[in-house]
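K.L.:
sequence unknown, structure follows:
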């Protein structure tokens, strides 16, 4: 078995304060025996204008945010999924919302750029979300080998697109990670059911670290960080507040389940 952990945060506009919270929670997850630890989307800053990300942009492999994540992974000897960080893209005035996976030596093992951008209207204090104004969408799926199995990388709004998860499943994914900052409105309605559906459809584990609470500018996120097994059972949950949830995953059991219930082999479309 392998132990995985989801970190739930209430990030604000102060990058240093958010980094201190992340450091404390990563240490808590490592102390609980987690081999793989995942931070939520925008762990470094949330609640300010989206354009603020432009001031924090880094080239891949260098910069304060990446150096912090690499150091934490190496310090604790864990694999660390760094939620998202703003990395340089190809389009001026926009950044990539990049989810970086660091190995236990602090090296970048995989990079996934968020494909589906949250351009929607929500009946909350923010009202209108237009990620495409400052974020350059990614174009490729990413599945990486880890000590906890084949890991499929996604970010937040990607959760609503089952074809992405099916593509990762076809590439051998056994575990999906979904670092998120779901709005309170959409999270209340859809968060858990979508996570459990993605697990059931693909007979895979789902690791979903989330932002929770009130942030700058009146933004409110749902939280409810979850770890879900391939049968859709919630193994661990943190409904509110900052903290960590951990669970053990059993890959031999996953493979036995897939052999006994081979729906992935029964696809016709």
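P.N.:
Nice, I can see it. Everything numeric in this text was worked out from a predicted model, so none of it was measured.

K.L.:
going forward, measure contacts between C-alpha atoms and count neighbours the same way
P.N.:
Will do.

K.L.:
which stretches in the stretch 1-150 of the chain count as helices?
P.N.:
Counting by DSSP state H, counting those that start in this stretch, the stretch 1-150 of the chain has helices at residues 15-31, 64-76.

K.L.:
who's in contact with the shortest one?
P.N.:
Think helix 64-76. Applying Cα atoms under 8 Å, 6 or more residues apart in numbering, the external contacts of helix 64-76 come out as 23, 26-27, 30, 44, 79-80, 82, 85, 102-108.

K.L.:
mind doing that once more with 7 Å?
P.N.:
30, 79, 80, 82, 102, 103, 104, 105, 106, 107 (Cα atoms under 7 Å, 6 or more residues apart in numbering).

K.L.:
how about residue 14, what does it touch?
P.N.:
residue 45.

K.L.:
if I look at it, how far off is residue 250?
P.N.:
Per Cα to Cα, to the nearest Å, residue 14 is found 38 Å from residue 250.

K.L.:
so what's the backbone phi/psi at the most centrally placed residue in the chain?
P.N.:
Taking Cα atoms, centre = their mean as the criterion, residue 179 is the residue nearest the geometric centre of the chain, at 1.8 Å. Main-chain torsions, residue 179, degrees, to the nearest 10: phi -60, psi 130.

K.L.:
residues contacting it?
P.N.:
39, 40, 41, 83, 155, 156, 208, 209, 210.

K.L.:
and the lowest-mean-pLDDT helix or strand in the chain, which strands flank it?
P.N.:
None of the helices or strands of the chain scores lower by mean pLDDT, DSSP states H and E than strand 128-130, at a mean of 95. In the sheet, strand 128-130 lines up against strand 119-121 (antiparallel) (DSSP bridges).

K.L.:
just checking, residue 214 touches residue 240?
P.N.:
No. Contact between residue 214 and residue 240 fails when scored by Cα atoms under 7 Å: they sit 11.3 Å apart.

K.L.:
circling back: mind pulling up the pLDDT for the residue nearest to the centre of the chain?
P.N.:
Turning to residue 179, the model gives it a pLDDT of 99.

K.L.:
do the same with residue 91
P.N.:
So residue 91 comes in at 89 (pLDDT).

K.L.:
what does residue 61 give?
P.N.:
For residue 61, the pLDDT comes out at 96.

K.L.:
for the nearest residue to it once chain neighbours are set aside, list each beta-bridge partner.
P.N.:
Using Cα to Cα, 6 or more residues apart in numbering and skipping the chain neighbours, the partner closest in space to residue 61 is residue 108 (7.6 Å). When bridges are called by DSSP bridges, residue 108 pairs up with residue 102.

K.L.:
tell me, how many residues neighbour residue 108?
P.N.:
Each residue near residue 108 was counted by other Cα atoms under 10 Å, and the total is 19.

K.L.:
that one reaches residue 98, doesn't it?
P.N.:
No. Applying Cα under 7 Å as the test, residue 108 and residue 98 come out as separate, 11.8 Å apart.

K.L.:
what's in contact with stretch 159-172?
P.N.:
With contact meaning Cα under 7 Å, 6+ apart, stretch 159-172 is reached by 141, 143, 150, 152, 194, 198, 202.

K.L.:
quick one: which of those is most hemmed in?
P.N.:
Among those, residue 152 has the most neighbours (other Cα under 10 Å), with 26 neighbours.

K.L.:
quick one: strands adjacent to the helix or strand hosting that one?
P.N.:
Per DSSP states H and E, residue 152 falls inside strand 149-153. Looking at strand 149-153 with DSSP bridges, its partner strands are strand 143-146 (antiparallel), strand 175-177 (parallel).

K.L.:
what comes up buried for the last one?
P.N.:
Of the residues in strand 175-177, those buried under the neighbour-count criterion (16 or more other Cα atoms under 10 Å) are 175, 176, 177.

K.L.:
who touches that strand?
P.N.:
Contact with strand 175-177 is made by 149, 150, 151, 152, 153, 154, 204, 205, 206, 207, 208, as judged by Cα under 7 Å, 6+ apart.

K.L.:
change it to 8 Å
P.N.:
Contacting residues not belonging to strand 175-177 are listed as 38, 149-155, 165, 204-209 [Cα under 8 Å, 6+ apart].
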